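**Student:** A structural model of the following input is requested.
(2 chains)
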Amino acid sequence: MEHLQFQFHGSSDRHKDKPAVLVGVVSSGNLEVLIEMADLKGGSQIHVSTKASGFAEIWEAVINDFAARHDLANLVISINDGGSTPAVVSLRLDQAMQEFLGMPS
Amino acid sequence: MTDYSQQHRGHSYYEANARQRIAHLLDPESFAELLGPADRLTSPHLEPLGQPCAFDDGIVIGRGRLDGRPVLVASQEGGFMGGAVGEVHGAKLTGLLELAQSEKPAGVILMLESGGVRLHEANAGLIAISEIIRALLTVREAGIPVLGLIGGAYGCFGGMGIVARCCDSLIINEEGRLGLSGPDVIETTMGVEEFDASDRALVWRTVGGKHRYMLGEVQCLVEDDIAAFRAAVIKNISMPIPLTLEALEQEQLHLTRRLQDFGQCQDGIDVWQSMGIEAPAMLPLLNIRDFLESVAAQAKANYED
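**Tutor:** Numbering: from 1, shown residues only, chains lettered A, B, ... in the order given. Predicted structure coming up:
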């Protein structure tokens, strides 16, 4: 198991009082993403627990791409991963964000 | 232009995950989860073994409404470790059943999808199964019906197979499988001559939904559509089966007779032949409606037995 942490700073305060969302299932090649509100003064944290060790650089690239697509402010995003490919991680993160923002999937 | 087929296609129970099943089974927006993922009630046993945990430990529990009536519901996630029961997973289910004893809902709905005990936490999982069974029977004794739904990719086996058969009634689709030892376990322990787990048709003829219905172990066989499961739950939830000594003795008699009648059968087809079904080899090929029609006499006999 490997545990990784990432920090970001968003620019807005628009995610107000939204309920937590969970998407995906932890299984082989799949992951779950939990998004919750937290008062982090505009900051955001992403916690990753992954079964596949030694891929920190790839996680960093995928998470940075995700952070570039979305405004991450006052969010805690937690990931349990069963060894997903980078593309699956990206899709799940976008899906979680979409559900969190209440956009039709 | 409206896509008619898209609009009228239901939600497959088989394809849905645990949360999707709850969302489509209950009245819209009525579900309130207990001990949800944000509570992070995760397994303490998996991390030391290098296994990722799940925030809900593979089971979703909570309160909801069905046709306006309050129900408690649990849904196992087959995708996470095959829906296997660990310490926390089991405690959530036991807790829900104990809550039913004090809240007295119109019924408890268990969407079962599990290979049985999670071997990573074997002893805790085994104890959990016995706790679940005790709590379930206490709920039934209070006259609150417990309904089991089976129809996911992982089936319902091992300890959860026993839990399933403790329910008032079971609802299954053709894809659903119910048993104690699963096909792979039988092949591994008894040899391929005893059971060829790679023969999928054989697997479904012995543990599949149609066969379980033929044997009278499940009370409803429905299409693979969550709406069909919902309709069957609504129909059955107002009919709790009394948990009496007489009913248990009746069941024992039924099982004794079943062993006498079918004990030598090698295949579901042999069983159906012995039941007097015309063209038993055709049964696996029929759609649900035609199947129910052609075995109606047998189903009636199961109930009168």
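**Student:** Which parts of chain B are helices?
**Tutor:** Taking DSSP state H as the criterion, chain B carries its helices at B:4-8, B:18-25, B:87-103, B:122-141, B:159-165, B:183-190, B:200-207, B:209-214, B:226-236, B:245-262, B:268-274, B:288-294, B:296-304.
**Student:** Chain A too?
**Tutor:** Using DSSP H, helices in chain A cover A:56-69, A:86-100.
**Student:** Show me which of those helices has the highest average neighbour count.
**Tutor:** Highest mean neighbour count of the helices of chain A: helix A:86-100, a mean of 18 (counted as mean count of other Cβ atoms under 10 Å in any protein chain shown). No exception for glycine: its C-beta is placed from N, CA and C like everyone else's.
**Student:** and that helix, what other elements does it pack with?
**Tutor:** In terms of contacts (3 or more Cβ pairs under 8 Å, 6 or more residues apart in numbering or on different chains; DSSP states H and E), helix A:86-100 is packed against strand A:21-23, strand A:31-37, helix A:56-69, strand A:75-81.
**Student:** show me the contacts for residue B:217.
**Tutor:** Applying Cβ atoms under 8 Å, 6 or more residues apart in numbering or on different chains, we find residue B:217 in contact with B:165, B:170, B:178.
**Student:** contacting residues around residue B:283?
**Tutor:** Applying Cβ under 8 Å, 6+ apart, the residues contacting residue B:283 are B:210, B:214, B:269, B:272, B:277, B:291, B:294, B:295.
**Student:** So, low pLDDT: which residues of chain A?
**Tutor:** Low-confidence segments of chain A, defined by pLDDT under 70: A:12-15, A:104-105.
**Student:** now the one residue in it that gets nearest to chain B: how far from residue B:73?
**Tutor:** Closest to chain B within chain A is residue A:25: 3.7 Å, counting by Cβ to the nearest Cβ. Distance of residue A:25 to residue B:73, given as Cβ to Cβ, to the nearest Å: 18 Å.
**Student:** Of those two, which one has the most company?
**Tutor:** Using other Cβ atoms under 10 Å in any protein chain shown as the criterion, residue A:25 and residue B:73 rank with residue B:73 on top: 28 against 21.
**Student:** thinking again about what came up before, ranking the contacts of residue B:283 by neighbours, who comes first?
**Tutor:** The residue in those with the most neighbours, by other Cβ under 10 Å, is residue B:272 (26 neighbours).
**Student:** Thought residue B:280 was touching that one, still the case?
**Tutor:** Yes. Here residue B:272 reaches residue B:280: they are 3.7 Å apart, a contact under Cβ atoms under 8 Å.
**Student:** shared neighbours of the two, anything?
**Tutor:** By Cβ under 8 Å, 6+ apart, no residue touches both residue B:272 and residue B:280.
**Student:** Is it possible to get CSV of the helices and strands packed on helix A:86-100 that adds distance to residue A:44?
**Tutor:** Formatted as CSV, the helices and strands packed on helix A:86-100 follow (distance: least, Cβ to Cβ, whole Å):
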stretch, distance to residue A:44
strand A:21-23, 15
strand A:31-37, 10
helix A:56-69, 8
strand A:75-81, 4
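**Student:** looking at those, which is closest to residue A:48?
**Tutor:** Across these, residue A:48 has its closest neighbour in strand A:75-81 (4.6 Å, Cβ to Cβ).
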